[in-house]
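In: How does the following fold in three dimensions:
(one chain, ligands or ions: 2)
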Amino acid sequence: MKIIDAAVIVTCPDRNFVTLKLTTEDGLTGLGDATLNGREMAVVAYLHEHVVPTLLGRDATRIEDTWQYLYKGAYWRRGPVTMTAIAAVDMALWDLLGKATGLPVHRLLGGRCRTSARVYAHASGRDLPELLDAVTAAREAGYTAVRVQSGIPGIPSTYGVSKDGTPYEPADSAVPSESVWSTPPYLRHLPRMLAAVREAHGEELDLLHDVHHRLTPNEAARLGRDVEEFRLFWLEDPVPSELQEGYRHLRHHTTTPIAVGEVFNTIWDCQQLIGEQLIDFIRTSVTHAGGITHLRRILFFADLYAVRSGSHGATDLSPVAMAAALHVDVSVPNFGIQERMPHTALTDAVFPHAYTFADGTMDPGEQPGLGVELDEELAARHPYRPASLPVNRLADGTVHSW
Ligand code: GCO
Ligand code: MG
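Out: Numbers count the residues shown, from 1 in each chain. Ligands and ions are numbered 1, 2, ... in the order given. Next comes the predicted model:
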């Protein structure tokens, strides 16, 4: 099953997506997501210049060998651009193998360990009443786990809160917009916010919250303690993820479950966090951590230490990535939960897919391969538009993690 063509397709149906499409000599096509939010064209160049020429003529069934070739063979290892490019090839090869054998990818990965994958919704509001309404809407839509974020009194706008009722999408301008951050009001606000959600929605709903890398280890330890009574499902990215020792400090001070990993690219980025059991959930995504092959390596390692999966599933990961994540989710032993931010109707039209949502869970479906197609004609009508993630500053102008 020789690869005879590799095309990199960039489209912007409401937001940018980069897709790798491999074609074999038998006319089969496989898709892989290569979207790196705000850095899309860097991956496009990496694929065009350094990966595509090595794929032509290659046996598409040699998935592990191709992964090793692109990782070890490049000499320059790791990093988001490289690992996203490798991921796209890997996903496309699994998709091709599924189509060639007539099997959905989850069956090639050992088959289902569960009937479907539980997902969590995002609920946000500029103030508490708006947040409580958003949680109600998520529950009415069938979710049993909800990520809660709200505006913080004293801070003009913050991460994770949609501004005007439209779905939240942080990459909002070609040159990064700037937001202002202050930690003390946030630390005061969060326990009040969670108390209000528990008061209105009771004890049974699973609640998650994303700190988005903004605290020092000691601030995070204090927050973890302050919110223990609200029994979070997880507190996400409390500390910038490269500060791994910080998680040891945090772990020693709170039993609030911790989730990290959406910015990690390889097993080497989370080896210590998992091996020392400093976290409860690993959030590496199929797109940014080297594809299905490498994500599974991370998750099998995590299983040894009772760390569960919680794959990143923001809208900046395309429907191809969502499908790939779901095939992994239903087939690994240590699945925790899957993030879900629904794509726009236009994105769904550009990427028709077999996966479905019902009763707070998602299912990858039984179509051969990943079960996602790309409508290239519709994609071409929505060309790339540069968009960057915001930059964060403290009131005195100091740049802070966003
Ligand atoms: C999440 C994430 C995202 C990121 C975005 C960056 O938990 O879903 O934090 O919202 O900000 O994916 O590209
Ligand atoms: Mg996050």
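In: Assign the spatially most central residue of the chain to helix, strand or coil.
Out: Centroid-nearest residue in the chain: His312, 2.1 Å away (criterion: CA atoms, centre = their mean). Three-state call for His312 (DSSP: H, G, I helix; E, B strand; the rest coil): coil.
In: quick one, helices of the stretch 101-250 of the chain?
Out: For the stretch 101-250 of the chain, the helices defined by DSSP state H, counting those that start in this stretch cover 105-108, 128-140, 183-201, 217-226, 244-253.
In: got the residues of the stretch 201-350 of the chain near ligand 1?
Out: 210, 212, 262, 312, 314, 316, 339 (CB under 6 Å from any ligand atom). Yep, even glycine has a C-beta here, placed from its N, CA and C like the rest.
In: rerun that using 8 Å as the cut-off
Out: Listed as neighbours of ligand 1 in the stretch 201-350 of the chain under the rule CB under 8 Å from any ligand atom: 210, 212, 236-237, 262, 283, 312-317, 339, 341.
In: Number of residues surrounding the closest residue to Thr344 other than its chain neighbours?
Out: Distance criterion CB to CB, 6 or more residues apart in numbering; nearest residue to Thr344, sequence neighbours excluded, is Asp14 at 4.4 Å. Asp14 has 16 neighbours, counted by other CB atoms under 10 Å.
In: who's in contact with Asp14?
Out: Asp14 makes contact with 169, 344, 346-347, 382 under the criterion CB atoms under 8 Å, 6 or more residues apart in numbering.
In: any idea how far the one residue in the stretch 151-300 of the chain that gets nearest to ligand 1 is from Glu262?
Out: Relative to ligand 1, the nearest point of the stretch 151-300 of the chain is Asp210 (4.8 Å; CB to the nearest ligand atom). In this view, Asp210 and Glu262 are 9 Å apart by CB to CB, to the nearest Å.
In: again, but for Arg214
Out: In terms of CB to CB, Arg214 sits 14 Å off from Glu262.
In: What of Leu20?
Out: 21 Å.
In: Looking at the two, which is more packed in?
Out: Leu20 (27 against 24).
In: And the contacts of whichever strand or helix holds that one?
Out: Secondary-structure element containing Leu20, defined by DSSP states H and E: strand 17-24. Strand 17-24 is contacted by residues 1-11, 29-36, 40, 43-44, 47, 55, 60, 88-89, 91-93, 96, 100, 318, 320, 347, 350-351, 374, 379 when judged by CB under 8 Å, 6+ apart.
In: Just the buried subset of the residues you listed, written out for ChimeraX, thanks.
Out: The following ChimeraX line selects those of the contacts of strand 17-24 that are buried, judged by 16 or more other CB atoms under 10 Å:
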select :1,3,6,8,9,10,11,29,30,31,32,33,34,35,36,40,43,44,47,55,60,88,89,91,92,93,96,100,318,320,347,350,351,374,379
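In: So which of the contacts of strand 17-24 sit within strands?
Out: 3-11, 29-33 (DSSP state E).
In: one step back: now the common contact residues for Asp210 and Glu262.
Out: Residues touching both Asp210 and Glu262 (CB under 8 Å, 6+ apart): Asp237.
In: residue in the stretch 301-402 of the chain nearest to ligand 1?
Out: Nearest to ligand 1, among the residues of the stretch 301-402 of the chain, is Ala314, at 3.5 Å (CB to the nearest ligand atom).
In: what number of residues lie near that residue?
Out: Close neighbours of Ala314, defined as other CB under 10 Å, add up to 16.
In: Excluding covalently adjacent residues, which one is nearest to it?
Out: Excluding the flanking residues, the one nearest Ala314 by CB to CB, 6+ apart is Met341, at 5.3 Å.
In: Verify the contact between that neighbour and Glu169 for me.
Out: No - assessed by CB atoms under 8 Å, Met341 is found out of contact with Glu169, at 9.1 Å.
In: between these two, which one's more packed in?
Out: Legend: neighbour count by other CB under 10 Å for Met341 and Glu169, higher for Met341 (19 against 16).
In: what sits against Ile292?
Out: 90-91, 94, 105, 109, 286, 324, 327-328.
In: and those residues, which of them are in helices?
Out: Counting by DSSP state H, the contacts of Ile292 place 90-91, 94, 105, 324, 327-328 in helices.
In: could I get these as a markdown table with pLDDT?
Out: Converted to a markdown table, the ones in helices among the contacts of Ile292 look like this (pLDDT from 0 to 100):
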| residue | pLDDT |
| --- | --- |
| Asp90 | 99 |
| Met91 | 99 |
| Trp94 | 99 |
| Val105 | 98 |
| Ala324 | 99 |
| His327 | 98 |
| Val328 | 98 |
